[in-house]
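A.B. asks: Sequence and predicted structure below; questions after.
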Amino acid sequence: MPLVKVKEKYQVTLPASLREKAGLEVGDLLEAKIEGKKITLTPKSILDIELAQALKEIEEGKTYGPFNSAKAFLRSLHRETKKLKNKPA
């Protein structure tokens, strides 16, 4: 198992054999997680990150709907717009 050294600015270089096995390219994103004293790096795409954020917002109730029709959606949109217009600045 290759060893990796932590440099002055806490940077590490992943050995070529590991990068190749993981299919990593320059500019790829890695999600870093810590479990106890273990650090795990997982390749991620922008879509993964945006999807995770969207799911978090749904869980937090920061969404509207679902709507049964486009008409119901538009009513909700107009209602929310009126709330924003009447809100003191």
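C.D. replies: That came through, no problem.

A.B. asks: What residues does K44 make contact with?
C.D. replies: L29, L30, E31 (C-beta atoms under 8 Å, 6 or more residues apart in numbering). C-betas here are computed from N, CA, C, even on glycine.

A.B. asks: So which of those residues sit within helices?
C.D. replies: If you go by DSSP state H, the contacts of K44 have nothing in helices.

A.B. asks: if you look at these, which of them are in strands?
C.D. replies: Among the contacts of K44, the ones falling in strands (DSSP state E) are L29, L30, E31.

A.B. asks: Against G36, how distant is the residue lying closest to A22 once chain neighbours are set aside?
C.D. replies: Leaving out its chain neighbours, the residue that sits closest to A22 by C-beta to C-beta, 6 or more residues apart in numbering is P43, at 6.2 Å. Applying C-beta to C-beta, to the nearest Å, the value for P43 to G36 is 22 Å.

A.B. asks: Please name every helix or strand in contact with the lowest-mean-pLDDT helix or strand in the chain.
C.D. replies: For the chain, using mean pLDDT, DSSP states H and E, the weakest element among its helices and strands is helix 46-59, scoring a mean of 87. Counting contacts by 3 or more C-beta pairs under 8 Å, 6 or more residues apart in numbering; DSSP states H and E, helix 46-59 is packed against strand 29-35.

A.B. asks: picking that back up, show the subsequent helix or strand relative to the least confident helix or strand of the chain.
C.D. replies: Next helix or strand after helix 46-59 toward the C-terminus (DSSP states H and E): helix 70-86.

A.B. asks: Output the least confident helix or strand of the chain as PDB - backbone C-alpha positions only.
C.D. replies: Presented in PDB, the C-alpha positions along helix 46-59 are these (Å, rounded to 0.1, in the frame of the first residue of the first chain):
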ATOM      1  CA  ILE A  46     -20.900  18.600 -10.200                       C
ATOM      2  CA  LEU A  47     -24.300  16.900 -10.800                       C
ATOM      3  CA  ASP A  48     -23.700  14.800  -7.600                       C
ATOM      4  CA  ILE A  49     -23.000  17.900  -5.600                       C
ATOM      5  CA  GLU A  50     -26.000  19.800  -7.000                       C
ATOM      6  CA  LEU A  51     -28.300  16.900  -6.500                       C
ATOM      7  CA  ALA A  52     -27.200  16.400  -2.900                       C
ATOM      8  CA  GLN A  53     -27.900  20.100  -2.200                       C
ATOM      9  CA  ALA A  54     -31.300  19.900  -3.800                       C
ATOM     10  CA  LEU A  55     -32.200  16.800  -1.800                       C
ATOM     11  CA  LYS A  56     -31.100  18.600   1.400                       C
ATOM     12  CA  GLU A  57     -33.300  21.600   0.600                       C
ATOM     13  CA  ILE A  58     -36.300  19.300   0.000                       C
ATOM     14  CA  GLU A  59     -35.600  17.600   3.400                       C
END
